[in-house]
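Peer 1: Pasted the sequence and its predicted model underneath.
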Amino acid sequence: MKKSSKVNLAIFSAGLMTFIGILNETSMNITYPLLVKEFHQPLATVQWITTAYLLTVTIVMGTTAYLLKQVPARWLHLGAALAFICGCIICALTSSFPLMLASRIIQGIATGFSTPIMFQLIGFSQLNRRSGLHPQPGKRAKGKI
């Protein structure tokens, strides 16, 4: 398999996982009435599912740059995909609110990793094609602004 097709497949994979994470985030809001009935919890408690998810995504996104320097992006993406799948399975099978909340936090961790990884893959795949437009430390940019 050519290097460019591997990169394109990796970008597609990270993009798909990011899209599913965002879709998962926005679709949760319409399930509140069902979750209130299912878990016998007040709406203010059920809304913590989305709040915890978004807080987790935000915190993990901030740490991904550091982790990308320590761990290869391939392993981070694989771990994020596995975490997202595990979180989805737990969400589908749970009958308790605390476990649902924990599984949403697991999904938030996965989405928080996948979004920056996608942008990193896109940036580095374009770096070789348009290297004159990306200044390197200590060198001047060659492209027109």
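Peer 2: Okay, I see it. Please read all numbers here as calculations on a predicted model, not as lab measurements.
Peer 1: From now on I want contacts and neighbour counts done on CA atoms only, so please keep to that.
Peer 2: Noted.
Peer 1: Please name the spatially closest residue to F84 (chain neighbours excluded).
Peer 2: Nearest residue to F84, sequence neighbours excluded (CA to CA, 6 or more residues apart in numbering): Q107, at 4.8 Å.
Peer 1: isn't that neighbour right up against I90?
Peer 2: No: under the criterion of CA atoms under 8 Å, Q107 makes no contact with I90, lying 10.1 Å away.
Peer 1: These two: which is more packed in?
Peer 2: More crowded of Q107 and I90, by other CA atoms under 10 Å: Q107, with 28 against 17.
Peer 1: Which elements pack onto the lengthiest helix in the chain?
Peer 2: Ranked by residue count under DSSP state H, the longest helix found in the chain is helix 97-127. The contact analysis (3 or more CA pairs under 8 Å, 6 or more residues apart in numbering; DSSP states H and E) places helix 97-127 against helix 3-27, helix 48-70, helix 73-93.
Peer 1: would you list these in JSON lines and tack on mean pLDDT and distance to Q41?
Peer 2: Supplementary listing: these in JSON lines, determined by pLDDT from 0 to 100; distance: least, CA to CA, whole Å:
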{"stretch": "helix 3-27", "mean pLDDT": "80", "distance to Q41": "19"}
{"stretch": "helix 48-70", "mean pLDDT": "92", "distance to Q41": "11"}
{"stretch": "helix 73-93", "mean pLDDT": "91", "distance to Q41": "16"}
